[in-house]
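Novice: got a sequence here, can you build the structure:
(one chain, ligands or ions: 1)
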Amino acid sequence: MEEDRSGWATSAQAWITRIDDFDFAREVLLDKPMLRMCGPLEGRSLLDVGCGEGRFCRMAGAHGAQTTGLDPTLPLLETARARHPEGSYLVDVGEDLPFENSSFDVVVFYLTLIDIPDFRKAISEGARVLRPGGRMVIGNLASHASTTPNGWTRDADGKALYYALNNYMDAFLSCGLILREYLEPIPTLEEVAVNPKWADDRKVPYVVAMLWEKALRG
Ligand SMILES: C[S@@+](CC[C@H](N)C(=O)[O-])C[C@H]1O[C@@H](n2cnc3c(N)ncnc32)[C@H](O)[C@@H]1O
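Specialist: All right, here's what the predicted structure looks like:
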């Protein structure tokens with residue numbers, strides 16, 4: 001067995017249990033805008049890079065998409081296959097996609113860029129396998145939430161020097177993708193009334209959803 005450097009294989013069962021229980025970022029914030037940004041899915045081919053146990057492939061499949069999920073973590077993919085026999089699932093990495101140019105109508109990275117070691121390469125691979133005019137749909141942690149270390153870096157006197165931010169945008173722009181929509185989803189007032197602990201999530205967005213389009217001519 002290959003060394004599990006990322007830890008995903010070892011933690012796969014714990015991840016599946018967690019995601020089956022409840023996931024705020026996905027169920028409250030991202031699922032709806034991500035599905036909407038995919039556009040009409042009936043008969044469309046959709047690639048989900050870093051699909052995990054396949055929850056977004058199943059959602060897209062329920063809307064008529066022909067889904068392909070790709071992920072390097074075998075135990076997650078085995079679960080994805082068992083849960084969604086109609087879907088196609090491949091063990092591989094996002095940095096080197098085993099598909100011809102322009103193979104898909106939609107390419108999705110759902111809270112996955114943060115876990116792909118060379119996310120720039122994966123974005124350029126995603127753009128390569130997307131057909132001209134096709135949609136790349138991204139769910140990601142907000143750029144202040146995905147840094148390590150996280151938050152303010154201070155000097156010896158405690159004075160704030162700078163706040164770490166990740167820069168993902170240039171990775172998309174340099175692939176010739178066009179930004180069509182940028183959203184910072186937050187819980188609705190009605191949701192906060194039922195779950196007051198989500199009030200702060202209305203002030204500081206934790207995630208972003210983006211719709212990028214591949215230019216018709218390069
Ligand atoms: C936070 S999980 C998200 C899974 C799924 N997209 C979801 O929303 O439930 C990150 C996923 O990235 C996968 N991953 C890790 N390295 C990767 C790589 N190089 N290429 C593609 N996926 C990778 C992991 O196996 C894991 O399934």
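Novice: so R44 touches V107, yeah?
Specialist: No. At 11.2 Å, R44 does not count as touching V107 under the criterion of Cβ atoms under 8 Å. In this view, the C-beta of every residue, glycine as well, is placed from N, C-alpha and C.
Novice: more crowded one of those two?
Specialist: V107 (31 against 19; other Cβ atoms under 10 Å).
Novice: spell out the secondary structure type for the more buried one.
Specialist: strand (DSSP: H, G, I helix; E, B strand; the rest coil).
Novice: isn't it right up against V137?
Specialist: Yes. Taking contacts as Cβ under 8 Å, V107 lies within contact range of V137: 7.5 Å.
Novice: show me what contacts V192?
Specialist: W198, A199, R202 (Cβ atoms under 8 Å, 6 or more residues apart in numbering).
Novice: which of those residues has the most neighbours?
Specialist: When neighbours are counted by other Cβ under 10 Å, W198 leads the contacts of V192 with 17 neighbours.
Novice: what sits in contact with each of R44 and V107?
Specialist: With Cβ under 8 Å, 6+ apart, R44 and V107 have no common neighbours.
Novice: what residue of the chain is the furthest out?
Specialist: D157 (38.6 Å; Cα atoms, centre = their mean).
Novice: for that one, helix, strand, or coil?
Specialist: D157 ends up coil, using three-state DSSP.
Novice: tell me where this protein has helices.
Specialist: Per DSSP state H, the chain carries helices over the ranges 12-21, 31-37, 55-62, 74-83, 119-129, 169-173, 189-194.
Novice: by mean pLDDT, show me the worst of these.
Specialist: Mean pLDDT is lowest for helix 169-173 among the helices of the chain, at a mean of 89.
Novice: now that helix: how far from the chain's centre is it?
Specialist: Chain-centre distance of helix 169-173: 15 Å, with Cα atoms, centre = their mean, to the nearest Å.
Novice: alpha carbons of it, as CSV, please.
Specialist: Written as CSV, here are the backbone C-alpha positions of helix 169-173 (Å, rounded to 0.1, in the frame of the first residue of the first chain):
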residue,chain,number,x,y,z
MET,A,169,-7.7,34.3,-8.4
ASP,A,170,-4.6,34.6,-10.6
ALA,A,171,-4.5,30.8,-11.0
PHE,A,172,-7.9,31.0,-12.8
LEU,A,173,-7.2,34.2,-14.8
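Novice: so which bits of it are buried?
Specialist: For helix 169-173, burial by neighbour count (16 or more other Cβ atoms under 10 Å) applies to A171, F172.
Novice: over to stretch 170-186?
Specialist: For stretch 170-186, burial by neighbour count (16+ other Cβ under 10 Å) applies to A171, F172, C175, L177, L183, P185, I186.
Novice: residues contacting it, please?
Specialist: Under the contact criterion Cβ under 8 Å, 6+ apart, stretch 170-186 has outside partners 29-30, 32-33, 37, 119-120, 123-124, 127, 135-136, 138, 142, 201-202, 205, 207-215, 218.
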